[in-house]
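1. Model the structure of this input:
(2 chains)
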Amino acid sequence: MDNLHPVVEIIVVAMLLIGAFFALVGAVGMLRFKDFFQRLHAPTKATTLGVGGVLIASMIYSAANGRFGTHELLITLFLFVTAPVSANLMAKAALHLKLPSKAGHPQKKD
Amino acid sequence: MATTEAAHGKRWFGHPIMSAMVAAGWLTLQQAIDPGNVLTAIVLGLVIPRLVSGFIGPGVTLKSAATVLRLVGIVVWDIIMSNITVARLALSPTRVPQPAWVPVPLDIQHPNGVALFASIITMTPGTVSCIIDERRREILVHALDCDDPVAAARDMKARYEAPLREIFE
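-> This next block holds a predicted model:
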């Protein structure tokens, strides 16, 4: 870390803080929201901007050390592929079990 | 199985985009471009799409690269903006979110387009696709805080579905 340019260092720290903040918001949301379907929004939030911020920080850090952080691109891609599928499956299971929802129940059910 | 194979053909290069992505994914994972890795990438890129072709239907041709870039820009922007909105909602002690079910009718026909549309809806915070009903041609979306489901559905269709239709159809 000592051979890092101060400007790069500040950007990395800023991205880490932004990422950590939104991950924390996801956790707070998990705690405060009242029903399953609202809590479902917390993980998608944490994976998008929370993890995104940490990944960008990691990419900038490794780029400053002369190595392009391609692994971070893969993590982003895999998150984008897997998160919607797991959210969809959990929502389907919750609808099937007729879990209580503050939004009422959707009129159409299969 | 026989009919699926006949329909899609047992071709070695029927899914060029998927082949390219598998090969690129392998090289990215290795973080090194030497002959051995390139050879493995080519073999994987040829074999994997062929093995799974019975499950994924015919290959995709992207119609407009410019629209792909525009859509990526829209999605990244929406992820940032709606994250801030949701953060404000989660942290303010007084506001109680008004969740709602939003039925989004589908105009897009291509199955990959439908899947991508549903994924984008889930990845932008505040909305999660719950049921993707291809028979009824509708996605049922749970919105965290929404007072006008009709406007929300119109918005999603205009922002994501219209560019996706340009790309796939």
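
2. mean confidence for the longest helix anywhere in chain B?
-> Ranked by number of residues, the top helix in chain B under DSSP state H is helix B:65-91. Mean pLDDT, helix B:65-91: 87.

3. ok, is it in contact with chain A or not?
-> Yes: Helix B:65-91 lies within reach of chain A by Cβ under 8 Å from any Cβ of the partner chain, at B:79-80, B:83, B:86-87, B:90-91. C-beta coordinates here come from the backbone N, C-alpha and C atoms, glycine included.

4. ok, so of the residues you listed, who is nearest B:Ala143?
-> B:Val86 (10.9 Å; Cβ to Cβ).

5. In contact with the closest one, which residues?
-> A:25, A:29, A:41, A:45, B:125-126, B:144-145 (Cβ atoms under 8 Å, 6 or more residues apart in numbering or on different chains).

6. Compare these and tell me which is most surrounded.
-> B:Pro125 (31 neighbours; other Cβ atoms under 10 Å in any protein chain shown).

7. Lowest mean pLDDT among the helices and strands of chain A, which one is it?
-> Least confident helix or strand, chain A: helix A:41-45 with a mean of 76, by mean pLDDT, DSSP states H and E.

8. just how off-centre is the following helix or strand past it within its chain?
-> The element immediately downstream of helix A:41-45 (helix or strand, assigned by DSSP states H and E) is helix A:51-64. A distance of 15 Å separates the centroid of the chain from that of helix A:51-64, by Cα atoms, centre = their mean, to the nearest Å.

9. helices or strands up against helix A:51-64?
-> Applying 3 or more Cβ pairs under 8 Å, 6 or more residues apart in numbering or on different chains; DSSP states H and E, one finds that helix A:51-64 contacts helix A:6-32, helix A:70-96.

10. Give me the angle between that helix and helix B:65-91.
-> Using axes from the mean of the first three to the mean of the last three Cα atoms, to 10 degrees, one finds that helix A:51-64 and helix B:65-91 are set 120 degrees apart in direction.

11. picking up where we left off before, the least confident helix or strand of chain A and chain B in contact?
-> Yes: under the criterion of Cβ under 8 Å from any Cβ, chain B is reached by helix A:41-45 at A:41, A:44-45.

12. Please identify the residues of chain A in proximity to chain B?
-> Near chain B, when you scan chain A using Cβ under 8 Å from any Cβ, you find A:21-22, A:25, A:28-29, A:32-33, A:35, A:37-38, A:40-41, A:44-45, A:48-49, A:52, A:67, A:70-71, A:73-74, A:77, A:80-81, A:83-85, A:87-88, A:91-92, A:95, A:101-104, A:106, A:108, A:110.

13. Just the buried residues of the residues you listed.
-> A:21-22, A:25, A:29, A:32-33, A:37-38, A:40-41, A:44-45, A:48-49, A:52, A:70-71, A:80, A:83-84, A:87-88, A:91, A:95, A:101, A:103, A:106 (16 or more other Cβ atoms under 10 Å in any protein chain shown).

14. Tell me the secondary structure of the spatially most central residue of chain B, please.
-> The geometric centre of chain B, computed from its C-alpha atoms, lies nearest to B:Leu116 (Cα atoms, centre = their mean), at 2.0 Å. Secondary structure for B:Leu116, judged by DSSP: H, G, I helix; E, B strand; the rest coil, is helix.

15. looking at it, it is touching B:Arg165, isn't it?
-> No: counting by Cβ atoms under 8 Å, B:Leu116 sits too far from B:Arg165 to count as a contact (11.0 Å).

16. count of residues packed around A:Phe68?
-> Close neighbours of A:Phe68, defined as other Cβ under 10 Å, add up to 12.

17. what pLDDT does it get?
-> 73.

18. hang on, it in a strand?
-> No: counting by three-state DSSP, A:Phe68 falls outside a strand, being coil.

19. returning to what we had before: ok, which of the helices and strands packed on helix A:51-64 comes nearest B:Pro149?
-> The nearest among these, by Cβ to Cβ, is helix A:70-96 at 16.6 Å.

20. Thanks a lot, see you next time.
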